[in-house]
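Asks: generate a structure from the sequence data that follows.
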Amino acid sequence: MDIPTAIRELKKLQENSMILECIKSASPDVEYLLDTLREAVFWNKVSNPIETAVNAVIDISWEECNIGHWSSVPETPKTVYAYASFQKVIICLMKAANDVDNRSACLNEAIKAADLGLMLGKGYQRQLTQAASLVTSLISQEYNVTPAPNETSCSREPNESEMNENVFTEKSNAVPIGRLRCPSLEEFNTKHFSSRTPVILTGCINHWPAMTRWNDISYLLNTAGPRTVPIEIGSSYTQKDWGMELSSLQDFINKYILQGQKKVGYLAQHQLFDQIPELRKDIVIPDYCCLTDTDESDCNVNINAWFGPANTLTPLHHDPKHNLLCQVVGTKRILLFSPNDSEFLYPHEETLLNNTAQVDPYHPDIEKFPKFEQAVVYYCNLRPGEMLYIPPKWWHHVVSLNVSFSVSFWWD
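Replies: Presented below is the predicted three-dimensional model:
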């Protein structure tokens, strides 16, 4: 597909209801700018004032989105932000068609606008997703990304000491997590789901295309390299050095996966597969997710991506939902603690961190946290092709032993 064809396809996605929904509650100034943008895009008129107008709408709506907690922000600025982002994609493609020398910059600006609209706006998910896919395809056609020959695989073998699962055998209250090969729904429900008992399931995801494709850096770069994603920077969210930044997946891979940095970068707990359907096709929701504690026939499964170098760390915490953590690339060492041992783990008293323990299970300060010695630790190394069932409220600590790509499925 060439750029003019992509522009025509995106224009077809513009429904009259899109602009009407934005305008009905927008301020007069924003309404005027939106009308101006619609007319300019319709007549293929790209100019500096039009670029200024679309950026002004995005800036104004973003400021209105930051007046308080996200849940309390009115719908209109979120909708306007998404709509303006979609318009900006088309405008950037028009610039790319007319300016060969700056085509690469225009295409990168277009894909970033689509991703920010998807992540920070509300509405028009179908249009923005289609726009992002089209622009990614254009970038791949124009500039095929190929890493160095010795950097084509995500796989990195940890050393023998890192792989040793028996690091807790000296503890009398340490229990290795058992493995079960591809159990039936009935067996899984009876032995683990109903009883809230952790287990490693093997042989359940070997058929995923991701099991081969995601080891290939060239595949990840050409499928999603230009896409903008949120990256956690620092040791963990409980530490002062922790922060967030937006980065293209390509820059993240080059900086943190291939080159290595002193500070760890982690694409963590991100709904990557809603944002990039091409990667969603590489995985399948496990059948076990159909088991539920509710009476609802439709089980809503939240899918998150976890991608990073060795030594990414998620501190000891618990979540309210069932979790199947599927390991695609690399190995993670995981520690679990029962909800019955919560008092031995010293949860933070602050509301925002009350699901996170104060104690570091690898280096516990026994003088400060004396009860920790009473806690029973369940441990494992989660390897490629395995998935760990973590029941609701079970505490878990996760550290990657090498480059790792995991997928978590959360459901009620």
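Asks: residue closest to the middle of this protein?
Replies: H270 (1.9 Å; C-alpha atoms, centre = their mean).
Asks: that residue contacts E232, correct?
Replies: No - if you go by C-beta atoms under 8 Å, H270 and E232 don't touch, sitting 9.3 Å apart. Heads up, the C-betas are built off the backbone N, CA and C, glycines and all.
Asks: and the chain, what are its domains?
Replies: Under the assignment automatic domain parsing, the domains of the chain span 3-142, 160-411.
Asks: lowest-confidence stretch among those domains?
Replies: Comparing mean pLDDT over those, the weakest stretch is domain 3-142, at a mean of 89.
Asks: distance from that domain to the middle of the chain?
Replies: 23 Å (C-alpha atoms, centre = their mean, to the nearest Å).
Asks: ditto for stretch 329-341
Replies: With C-alpha atoms, centre = their mean, you get 20 Å for stretch 329-341.
Asks: quick check: buried residues in it?
Replies: Using 16 or more other C-beta atoms under 10 Å as the test for burial, stretch 329-341 gives 329-338, 341.
Asks: for L325, give me its contacts.
Replies: Applying C-beta atoms under 8 Å, 6 or more residues apart in numbering to L325 gives the contacts 334, 382, 387-388, 390, 398, 406-408.
Asks: mind doing that once more with 6 Å?
Replies: The contact partners of L325, by C-beta atoms under 6 Å, 6 or more residues apart in numbering, come to 388, 406, 408.
Asks: next secondary structure after the one helix or strand D115 maps to?
Replies: Per DSSP states H and E, D115 falls inside helix 103-120. As assigned by DSSP H and E, the chain's next helix or strand after helix 103-120 is helix 125-142.
Asks: which residues touch that following helix?
Replies: The contact list for helix 125-142 (C-beta under 6 Å, 6+ apart) reads 6, 10, 13, 86, 89, 107, 110-111, 114, 117-118, 222, 226.
Asks: mind listing the helices for this protein?
Replies: 3-13, 16-23, 28-42, 48-65, 75-98, 103-120, 125-142, 160-163, 185-188, 210-213, 217-224, 249-252, 272-275, 277-280 (DSSP state H).
Asks: for those, could you give me CSV that also reports distance to I303 and mean neighbour count?
Replies: Below are these laid out as CSV (distance: least, C-beta to C-beta, whole Å; neighbours: other C-beta atoms under 10 Å):
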stretch, distance to I303, mean neighbour count
helix 3-13, 25, 16
helix 16-23, 27, 15
helix 28-42, 34, 16
helix 48-65, 25, 17
helix 75-98, 21, 24
helix 103-120, 15, 22
helix 125-142, 15, 20
helix 160-163, 28, 11
helix 185-188, 19, 14
helix 210-213, 12, 17
helix 217-224, 15, 21
helix 249-252, 17, 22
helix 272-275, 5, 19
helix 277-280, 8, 16
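Asks: which one, of the ones you listed, ends up nearest to G308?
Replies: Taking C-beta to C-beta, helix 249-252 is the member of the helices of the chain nearest to G308, at 8.8 Å.
Asks: ok, and what's touching the closest one?
Replies: Here helix 249-252 has contacts from 221, 224-225, 227, 229, 231, using C-beta under 6 Å, 6+ apart.
Asks: restricting to C-alpha, output it in CSV.
Replies: Provided in CSV are the C-alpha atoms of helix 249-252 (Å, rounded to 0.1, in the frame of the first residue of the first chain):
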residue,chain,number,x,y,z
LEU,A,249,9.4,-0.1,20.9
GLN,A,250,12.4,0.1,18.6
ASP,A,251,14.3,2.5,20.8
PHE,A,252,13.4,0.5,23.9
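Asks: ok so, going back, nearest to Y362, of the contacts of helix 249-252?
Replies: I231 (24.4 Å).
Asks: the closest one: neighbour count?
Replies: Per other C-beta atoms under 10 Å, the neighbour tally for I231 reads 24.
Asks: from Q327, how far out is it?
Replies: Separation of I231 from Q327 (C-beta to C-beta, to the nearest Å): 21 Å.
Asks: repeat for Q14
Replies: Distance from Q14 to Q327, counting by C-beta to C-beta: 42 Å.
Asks: which of those two has more neighbours?
Replies: Q327 (25 against 18).
Asks: show me the contacts for the more buried one.
Replies: 382, 384, 386, 406.
Asks: can we see that at 8 Å?
Replies: Q327 sits in contact with 382-388, 404, 406, where contact means C-beta under 8 Å, 6+ apart.
Asks: what of I285?
Replies: 301, 303, 409.
Asks: what's the local residue count around the first one?
Replies: A total of 17 residues lie near V301 under the criterion other C-beta under 10 Å.
Asks: with D412 as the reference, measure out to it.
Replies: Distance from V301 to D412, by C-beta to C-beta: 9 Å.
Asks: list the buried residues in stretch 238-249.
Replies: Applying 16+ other C-beta under 10 Å to stretch 238-249 flags 238, 247-249 as buried.
Asks: out of those, who's nearest I217?
Replies: Closest to I217 out of those is L249 (10.6 Å), distances taken as C-beta to C-beta.
Asks: possible to save the helices of the chain as TSV with distance to D295?
Replies: As requested, the helices of the chain are exported to TSV (distance: least, C-beta to C-beta, whole Å):
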stretch	distance to D295
helix 3-13	38
helix 16-23	34
helix 28-42	44
helix 48-65	36
helix 75-98	30
helix 103-120	32
helix 125-142	28
helix 160-163	44
helix 185-188	18
helix 210-213	33
helix 217-224	38
helix 249-252	40
helix 272-275	26
helix 277-280	28
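Asks: right, so of those helices, which gets closest to L291?
Replies: helix 185-188 (6.8 Å).
Asks: elements contacting the closest one?
Replies: Counting contacts by 3 or more C-beta pairs under 8 Å, 6 or more residues apart in numbering; DSSP states H and E, helix 185-188 packs against no other helix or strand.
Asks: contacts for it, please.
Replies: With C-beta under 8 Å, 6+ apart, helix 185-188 has contacts from 180, 199, 201, 287-288, 290-291, 389.
Asks: selecting buried members of these in PyMOL, what would you type?
Replies: Applying 16+ other C-beta under 10 Å to those, the buried members can be selected in PyMOL as follows:
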select buried, resi 180+199+201+288+291+389
